[in-house]
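Kindly generate the corresponding structure for this input.
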Amino acid sequence: ELCGFWRYELLTHSGVSDYYRQIGLYNPADGAKNMDPLAAGVFQTCLTGNGTGDILQALQLRSPLNFQQVLDDKFVELEDKKAGMVVDTARYELLVSQANLFGGLFILDPDQPLPLDSNAAPKLMGSSLDPDDQVGPDGESLIYGLNTYAALIDGAGKYSFAHGTSGGGLLITGTQPSEASVSNAPQRMQNALVYARLK
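Below is the predicted model of the structure:
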């Protein structure tokens, strides 16, 4: 009898409507326990003998998920636009060479600069991450590199950068020389070393 009830009464299109409360096809937050049409539709579509099995249609997702053709059309449109573009090879190569040449020019330019030695400050501020001095992108200005920066801290040969190419003395890294180790040095030298460690 139980099998017959399941097969011929409960698991039918009308049986789902009749017994929706018993099988929990309602919103628990609904005090009246009205049938949830979406849940009932999925049950009828997937679990009844004459259900279509089209769960996307039952969940009302058939149209929202039917975007593949639109996506394909947009890719074709994008390819057509790219095909019509003319690439200026000379300008592209110039951009690449400029990027390679000036990629290290992350210059020192703090919003509130610490006091530095007045003679060295113009060269320390605006210095780059490249080891050597080089002409700037404008073709005229000189941008000072790490080697010059190290020499300006306390004279040539006293400091050098780990990723510099000349100098000597104490090696400057992201953590050395520490603030404690140079705490007896003049304040302007300590400030120059603060910026040096940041490089």
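
Next, work out how far apart R62 and N119 are.
76 Å (CB to CB, to the nearest Å). Yep, even glycine has a C-beta here, placed from its N, CA and C like the rest.

Neighbour count for those two, which is higher?
Taking neighbours as other CB atoms under 10 Å, R62 and N119 compare with R62 leading, 12 against 8.

Distance from the least confident helix or strand in the chain by mean pLDDT to the middle of the chain?
Within the chain, no helix or strand scores below helix 89-102, which has a mean of 79 by mean pLDDT, DSSP states H and E. Relative to the chain's own centre, helix 89-102 is displaced by 25 Å; criterion: CA atoms, centre = their mean, to the nearest Å.

go on, stretch 37-56?
With CA atoms, centre = their mean, you get 42 Å for stretch 37-56.

What are the buried residues along that stretch?
For stretch 37-56, burial by neighbour count (16 or more other CB atoms under 10 Å) applies to A39, A40, G41, V42, F43, Q44, T45, T48, G51.

The protein: helices as residue ranges?
Listed in chain order, the helices of the chain (DSSP state H) span 2-4, 13-18, 37-47, 55-58, 68-83, 89-102, 121-124, 146-154, 187-198.

how much space between the closest residue in space to Q190 that isn't next to it in sequence and I172?
Excluding the flanking residues, the one nearest Q190 by CB to CB, 6 or more residues apart in numbering is V182, at 5.6 Å. Computed as CB to CB, the V182 to I172 distance reads 11 Å.

Please say which of the two ends up with more neighbours.
I172 (23 against 18).

That one contacts A150, doesn't it?
Yes. If you go by CB atoms under 8 Å, I172 and A150 touch, sitting 6.6 Å apart.

Need the overlap of contacts for those two.
Y159, S160, F161, A196 (CB atoms under 8 Å, 6 or more residues apart in numbering).

confidence score at the nearest residue to the second one once chain neighbours are set aside?
Which is S160. Closest residue to S160 apart from its sequence neighbours, by CB to CB, 6+ apart: G167 at 2.6 Å. Note for G167: predicted pLDDT of 73.

Do I have it right that G167 meets A150?
Yes. The criterion here is CB under 8 Å, and G167 meets it with A150 at 4.6 Å.

Give me the common contacts of the two.
By CB under 8 Å, 6+ apart, the residues touching both G167 and A150 are Y159, S160, F161.

Okay then, goodbye and thanks.
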